[in-house]
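1. need coordinates for the below:
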Amino acid sequence: MVRQHGHTPSTLFDSTTNHHHPPNHNTMSGKVSGKSKSGKAAGGGGDGKAQSRSSKAGLQFPVGRIHRLLKKGNYAQRVGAGAPVYLAAVLEYLAAEILELAGNAARDNKKHRIVPRHLQLAIRNDEELGKLLGSVVISQGGVVPHIDAALLPTSTGKKGKASQEA
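-> Next up, the predicted model:
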């Protein structure tokens, strides 16, 4: 007789029922080793609470809503799972960038509230945002103050001296 896995043939054979039983190396109450559970039962989500795709991606913008709108908008026949996450991340970044610049503009004007004028100043004074949103009209935004250099009064040395002498 050949020994298998450190067991003698007598331990592999149940003499009362004449059945052959393989050795049970598993100590975890009958669970098959090598298999892993996925989803809520794996314990990865804590106490089994549902987790939004936005929170999984670490975003504030709604990934599920963007996915629904991409499907409903007939932009393509199919929408991949990563597309709404990427789009939500891009939109969140742009919103944060604009709001930061608008907050700076509000603070420069000694205001505590961002108004459309601050958004206008923030976008138009930033080169990249100005190019991206160049054709966008912001209601109640006003205009960016700018005086062409040709319209400014020129100061020459002779005029300054002549006015001082007279």
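
2. how many neighbours does H112 have?
-> When neighbours are defined as other Cβ atoms under 10 Å, H112 has 7 of them. The C-beta positions use only the backbone N, C-alpha and C, and glycine is treated the same way.

3. so it, which of the three states?
-> In the three-state summary, H112 is assigned as coil, counting by DSSP: H, G, I helix; E, B strand; the rest coil.

4. helices of this protein, residue ranges please.
-> In chain order, the chain shows helices spanning 9-12, 53-57, 63-72, 83-108, 116-125, 127-132, 157-165, with DSSP state H as the criterion.

5. dump these into CSV; add mean neighbour count and mean pLDDT as well.
-> Written out in CSV, the entries for these read as follows (neighbours: other Cβ atoms under 10 Å; pLDDT from 0 to 100):
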stretch, mean neighbour count, mean pLDDT
helix 9-12, 12, 48
helix 53-57, 15, 97
helix 63-72, 15, 97
helix 83-108, 16, 98
helix 116-125, 19, 97
helix 127-132, 11, 97
helix 157-165, 8, 56
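
6. let's have the ones you listed in CSV, adding distance to A149.
-> Listed next are the helices of the chain as CSV, based on distance: least, Cβ to Cβ, whole Å:
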stretch, distance to A149
helix 9-12, 98
helix 53-57, 48
helix 63-72, 45
helix 83-108, 23
helix 116-125, 18
helix 127-132, 19
helix 157-165, 18
